[in-house]
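Enquirer: sequence first, then the predicted structure, then my questions.
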Amino acid sequence: MTQKPTYEPIRNEAKNGLRNTRGTVALARTSDPHSATSQFFINLTDNDFLNYTSSTPDGWGYCVFGQVNDGMHVVEDINGIPTGSRHGFKDVPLTEILIEKVEVVK
């Protein structure tokens, strides 16, 4: 719950053809489509409304860049953790969640 330094925001690549389906990992951003830096989310269901539709402020969508290949049950367990207000933030996990390992498979 502490802000950390990030690199400059990256250009939204949601036009890459990948879709926000269950188990995919996508970049989180602000209302500016090209503002993603370090935050991400894992789709628990198919979220077609997050997909790229056009190069307009409302159509950029959220860029998928990965997929959970094993351990989706862990993601579902995380989803079950109660959320609330903590350290000045709203709707955040009340128990700290720490990702200890990620593997990149090519």
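Expert: Looks like it arrived, so ask away. Numbering: from 1, shown residues only.

Enquirer: neighbours of the closest residue to Glu76 other than its chain neighbours, how many?
Expert: Nearest residue to Glu76, sequence neighbours excluded (C-beta to C-beta, 6 or more residues apart in numbering): Leu44, at 7.2 Å. No exception for glycine: its C-beta is placed from N, CA and C like everyone else's. By the criterion of other C-beta atoms under 10 Å, Leu44 has 13 neighbours.

Enquirer: then the one 10 residues further on?
Expert: Around Ser54 sit 10 other residues, with neighbours defined as other C-beta under 10 Å.

Enquirer: residues in contact with the residue nearest to Glu76?
Expert: For Leu44, the contact set (C-beta atoms under 8 Å, 6 or more residues apart in numbering) comprises Arg22, Val75, Glu76, Asn79.

Enquirer: check Glu13 too.
Expert: Contacts of Glu13 (C-beta under 8 Å, 6+ apart): Cys63, Phe65.

Enquirer: now the phi/psi pair for it, please.
Expert: phi -110, psi 30 (degrees, to the nearest 10).

Enquirer: check it and give its pLDDT.
Expert: With respect to pLDDT, Glu13 has a value of 97.

Enquirer: use 58 as the first number for this chain going forward.
Expert: Renumbered: residue one is now 58, and that last one reads Glu70.

Enquirer: how far away is it from Asp115?
Expert: Going from Glu70 to Asp115 by C-beta to C-beta, to the nearest Å gives 17 Å.

Enquirer: circling back: which phi and psi does the residue nearest to Glu133 have?
Expert: According to degrees, to the nearest 10, Leu101 has phi -90, psi -20.

Enquirer: can you map out the helices along this structure?
Expert: With DSSP state H as the criterion, the chain has helices at 129-136.

Enquirer: can you find the helix or strand of it with the lowest average pLDDT?
Expert: strand 146-150 (a mean of 93; mean pLDDT, DSSP states H and E).

Enquirer: list the strands paired with that one, with their directions.
Expert: Here strand 146-150 is paired, per DSSP bridges, with strand 140-143 (antiparallel).

Enquirer: the spatially most central residue of the chain and Val161, how far apart?
Expert: Nearest to the geometric centre of the chain sits Phe98, at 2.0 Å (C-alpha atoms, centre = their mean). Going from Phe98 to Val161 by C-beta to C-beta gives 18 Å.
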